[in-house]
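>>> Coordinates for the following, if possible.
(2 chains)
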Number of protein chains: 2
Amino acid sequence: MGSTRTRIAIDAMGGDFAPAEVVAGALMAQEKLGVEVLLVGDQQQLEACLKHHPTVSPPPEIVPSEGMIEMHEEPLGALKRKPKASINVAMNLLKEKRADAVVSAGHSGAAMAAALLRVGRLRGIDRPAIGAVLPTLDPTSPVLVLDVGANVDCRPKFLEQFAVMGSIYSQYVLGVDQPRIGLLNIGEEASKGNDLAVRTYQMLQENTQINFAGNAEGRDVLSGQYDVIVCDGFVGNVLLKFAEGVGEIVLHLLKDELSTGLRAQIGAAMLKPSLKRFKQRVDHVEHGGGLLLGVAGVCIIGHGSSKAPTICNAIRSARDAINNGVLERIQSQYQKPHQKAASGQ
Amino acid sequence: MGSTRTRIAIDAMGGDFAPAEVVAGALMAQEKLGVEVLLVGDQQQLEACLKHHPTVSPPPEIVPSEGMIEMHEEPLGALKRKPKASINVAMNLLKEKRADAVVSAGHSGAAMAAALLRVGRLRGIDRPAIGAVLPTLDPTSPVLVLDVGANVDCRPKFLEQFAVMGSIYSQYVLGVDQPRIGLLNIGEEASKGNDLAVRTYQMLQENTQINFAGNAEGRDVLSGQYDVIVCDGFVGNVLLKFAEGVGEIVLHLLKDELSTGLRAQIGAAMLKPSLKRFKQRVDHVEHGGGLLLGVAGVCIIGHGSSKAPTICNAIRSARDAINNGVLERIQSQYQKPHQKAASGQ
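Modelled structure (predicted):
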């Protein structure tokens, strides 16, 4: 019973509101989505969390771990120092096929490093990427940006692989028909950009696996005109963290304006609930959820400030990626003809 | 008389509110700052603008030009097709030493191209850069980011020159004592980043001409912790345009929240003046003013949406750069010992 259900290992110690909100989100997913969750984390803390949900029966399995990777830690070193850290234990479950996916709201760089050490890359993929899903001006159309930090020096071929993987994820998990792929660049024309961008443009334009929509400038990233944006991990990471900085200064300016003069103060008081929701939505722009693409297992990263519903959504993405065979679809794009023939013999 | 006053050529046709606001700003500067302005633009239009300022006597000299470079035009081609475009004529005044500086609120790429064609580079500078001055969380401390678009593929040496030039500009025009120089990167440690960043870090750390404050991540750019941020023109351009996109989505989310429910609507109505000021301030984050560093003349770029006071500020920056010998100071950093000796003979 339940052994045929999709099983998802949850890094219950990762994220600002771990483990309480992570556990709550996992239970929500178990109930709503019909998946089976494995809670990886400190046994005592997780048992205490589960006591707040006494009606859940049977309670999910706890897989004990010791310690976690903090956001400021350098991933590789920390993963070695803490072999029993929650993300290491969760990736081991994936490796041993005791879980079909890993969901974490912790350090995305650490998740990538742990995944590479334990489950490895998909065949044919040179460099797995970290993707970030960000909201856009069009509420029905989020954008997947990759890479946002795993690969700081890229070759055109890597960006082409990001485009193919991103397109499959966008289609089968985000539900976009014919995802529009944009190449992050500094102008519209094919001749624009640095050497990497110019050479990648050519490859993307000739690639029949994707729907290439041309260059996307910085201002187009959140416009809703593109479903997937590819870039090297240096630019992507700077961009993602800069969004945080811009969000912060904008909120700061708003606060400043709203505290000047009685009229503004009264208006601001009336707007308190709206402004609070606004702040949360900006926060989502800053810290959108993410995923690892190109590793040999489904790994979804919720953003650090995830609360239960966001964790539940991340688990839903993991389930959809599994059910729609995202890994197999990516793999099949990189199976060379002679390999196909050989495996068919 | 007035021949000894600092003379500044104004591209009166550049910018969203040209020529009316540009002319108003130029006259404001002439009165407040004691500089002499040369208005470059369409004679008829400029004469019509000056009629709105009948008390100015004598009126500034008009230097006639024909046409201008539009924001969507590819600079080099457009500059060749329109040799009498306002920015070309303004740069010619600089070349012929009829003006000590050029101020424009037009296309920064076109200004750079026109400057390179007409006045050339400073000796010893490999690649001039476009700098952008952005506000930060600390209202007293704007940040100068360079390069934001002139050089898409950079060598460490170019970034080192950006740092030296940026430091001098920050000190002598923005009035910062010992400017803190940050290298845009994806982590704090010296080992972080792409090949360019790692090699540049080493050079900046060993350079005694500047006060190197280490790596700055995306979120640090607008934090006020750095006075100058150096990066290649690809990343810088993507960043600057992305700020625009983030600003837009944040304003959109705010509008959305403020139109939901009666309470929010009343609150928003009361806040109208504050929100309008807020929008203007966000706009300044998006479109901060800029400058060309490394060309053999002082060139200040006001942002496209400049109104008279912003134009006047840009002219003030040009005057300060001239009076404080910014070009000579940069030049002296790149005069090799044997050149110094030779020129001293």
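>>> Spell out the secondary structure type for A:L292.
Three-state assignment for A:L292 (DSSP: H, G, I helix; E, B strand; the rest coil): strand.
>>> Quick check: it touching A:M112?
Yes. With contact defined as CB atoms under 8 Å, A:L292 counts as touching A:M112 (5.5 Å). (C-beta placed from N, C-alpha, C; glycine too.)
>>> shared neighbours, the two?
A:128, A:130 (CB atoms under 8 Å, 6 or more residues apart in numbering or on different chains).
>>> ranges for the strands of the stretch 151-300 of chain A?
A:180-184, A:211-216, A:228-230, A:290-293, A:298-301 (DSSP state E, counting those that start in this stretch).
>>> which secondary structure elements does the longest helix along chain A contact?
Counting residues, the longest helix in chain A under DSSP state H turns out to be helix A:233-258. Counting contacts by 3 or more CB pairs under 8 Å, 6 or more residues apart in numbering or on different chains; DSSP states H and E, helix A:233-258 packs against strand A:129-134, strand A:143-146, strand A:180-184, helix A:262-270, helix A:272-286, helix B:233-258, helix B:272-286.
>>> Try it again at 6 Å.
Judged by 3 or more CB pairs under 6 Å, 6 or more residues apart in numbering or on different chains; DSSP states H and E, helix A:233-258 is in contact with helix A:272-286, helix B:233-258, helix B:272-286.
>>> Now it: buried residues?
A:233-251, A:253-254, A:257-258 (16 or more other CB atoms under 10 Å in any protein chain shown).
>>> For burial, what's the neighbour tally of A:G120?
14 (other CB atoms under 10 Å in any protein chain shown).
>>> Could you tell me how far it is located from chain B?
Shown here: A:G120 relative to chain B, a distance of 24 Å by CB to the nearest CB, to the nearest Å.
>>> what's the answer for A:A318, then?
A:A318 is 26 Å from chain B, by CB to the nearest CB.
>>> taking the mean pLDDT, what do you get for the strand or helix carrying that residue?
Element membership for A:A318 (DSSP states H and E) is helix A:308-323. In this model, helix A:308-323 has a mean pLDDT of 93.
>>> who's in contact with that helix?
A:6, A:8, A:21-22, A:24-25, A:28-29, A:33, A:35, A:100-101, A:103, A:173, A:289, A:298, A:300, A:302 (CB atoms under 6 Å, 6 or more residues apart in numbering or on different chains).
>>> okay, now A:D177: neighbour count?
8.
>>> ok but A:L327 is inside a helix, no?
Yes. Counting by three-state DSSP, A:L327 is found in a helix.
>>> Chain B versus that one, what's the distance?
27 Å.
>>> cool, A:A268 as well?
From A:A268 to chain B the distance is 7 Å (CB to the nearest CB).
>>> Separate out the buried members of the contacts of helix A:308-323.
Buried among the contacts of helix A:308-323 (16+ other CB under 10 Å): A:6, A:8, A:21-22, A:24-25, A:28-29, A:33, A:35, A:100-101, A:103, A:173, A:289, A:298, A:300, A:302.
>>> Out of the residues you listed, name the ones that lie in strands.
A:8, A:101, A:103, A:298, A:300 (DSSP state E).
>>> quick one: which of these is nearest chain B?
Checking those against chain B by CB to the nearest CB gives A:I300 as the nearest, at 22.0 Å.
>>> My understanding was that that closest one contacts A:S104; is that so?
No. Applying CB atoms under 6 Å as the test, A:I300 and A:S104 come out as separate, 7.8 Å apart.
>>> now for the helix or strand hosting A:L79, which elements pack on it?
Assessed by DSSP H and E, A:L79 sits inside helix A:75-81. Contacting helix A:75-81 under the criterion 3+ CB pairs under 6 Å, 6+ apart are the following elements: helix A:108-118.
>>> What residues sit buried inside the helix it packs on?
Buried-residue list, helix A:108-118, by 16+ other CB under 10 Å: A:108-116, A:118.
>>> Any buried residues in the helix holding A:A318, and which?
A:308, A:310-322.
>>> who in the stretch 101-250 of chain A is up against chain B?
A:137, A:152-153, A:186, A:193-195, A:217-219, A:221-222, A:234-235, A:237-239, A:241-246, A:249-250 (CB under 6 Å from any CB of the partner chain).
>>> what's A:G41 in contact with, if anything?
A:12-13, A:19, A:65, A:86.
>>> So for it, what's the nearest residue that isn't a sequence neighbour?
A:A12 (3.6 Å; CB to CB, 6 or more residues apart in numbering or on different chains).
>>> Likewise for A:R5?
A:R5's closest residue in space is A:E36 (CB to CB, 6+ apart), at 4.5 Å.
>>> Surely that neighbour is in contact with A:R7?
Yes. With contact defined as CB under 6 Å, A:E36 reaches A:R7; the gap is 4.7 Å.
>>> Leaving out sequence neighbours, find the closest residue to the residue of the stretch 1-150 of chain A found nearest chain B.
Relative to chain B, the nearest point of the stretch 1-150 of chain A is A:L137 (5.6 Å; CB to the nearest CB). The shortest distance from A:L137 to any non-neighbouring residue, by CB to CB, 6+ apart, is to A:G224 (4.9 Å).
>>> For that neighbour, grab the count of nearby residues.
18.
>>> From B:A268, how far out is the closest residue to A:L258 other than its chain neighbours?
Distances taken as CB to CB, 6+ apart place A:A268 nearest to A:L258, at 3.9 Å, with adjacent residues excluded. Distance check for A:A268 against B:A268: by CB to CB, to the nearest Å, it reads 10 Å.
>>> what sits against the residue nearest the centre of chain A?
The centre of chain A sits closest to A:G290, judged by CA atoms, centre = their mean, with a distance of 1.1 Å. Residues in contact with A:G290 (CB under 6 Å, 6+ apart) are A:108, A:130-132, A:301.
>>> And for the residue nearest to A:L258, the neighbour number?
Other residues close to A:A268 by other CB under 10 Å number 21.
>>> cool, and A:V119?
20.
>>> Please report phi then psi for the nearest residue to it once chain neighbours are set aside.
Using CB to CB, 6+ apart and skipping residues adjacent in sequence, the residue nearest A:V119 is A:G297, 4.3 Å away. Phi and psi for A:G297, reported as degrees, to the nearest 10, are phi -170, psi 160.
>>> Could you pull up the mean pLDDT of the helix holding A:L79?
93.
>>> Then stretch A:254-272?
Mean predicted lDDT for stretch A:254-272 stands at 73.
>>> Restrict that stretch to CA atoms and write it as PDB.
The C-alpha trace of stretch A:254-272 is given here as PDB (Å, rounded to 0.1, in the frame of the first residue of the first chain):
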ATOM      1  CA  LEU A 254       8.000  53.800  -0.500                       C
ATOM      2  CA  LYS A 255       8.300  53.700   3.300                       C
ATOM      3  CA  ASP A 256      10.100  57.000   3.200                       C
ATOM      4  CA  GLU A 257       7.400  58.700   1.100                       C
ATOM      5  CA  LEU A 258       4.600  57.200   3.200                       C
ATOM      6  CA  SER A 259       6.000  58.600   6.400                       C
ATOM      7  CA  THR A 260       6.200  62.200   5.200                       C
ATOM      8  CA  GLY A 261       3.300  64.400   6.200                       C
ATOM      9  CA  LEU A 262       0.000  63.600   8.000                       C
ATOM     10  CA  ARG A 263      -2.000  62.900   4.800                       C
ATOM     11  CA  ALA A 264       0.500  60.300   3.700                       C
ATOM     12  CA  GLN A 265       0.600  58.700   7.200                       C
ATOM     13  CA  ILE A 266      -3.200  58.300   7.300                       C
ATOM     14  CA  GLY A 267      -3.300  57.000   3.800                       C
ATOM     15  CA  ALA A 268      -0.500  54.500   4.600                       C
ATOM     16  CA  ALA A 269      -2.400  53.300   7.800                       C
ATOM     17  CA  MET A 270      -5.400  52.600   5.600                       C
ATOM     18  CA  LEU A 271      -3.300  50.800   3.200                       C
ATOM     19  CA  LYS A 272      -1.500  48.600   5.700                       C
END
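>>> Thank you kindly, that will do.
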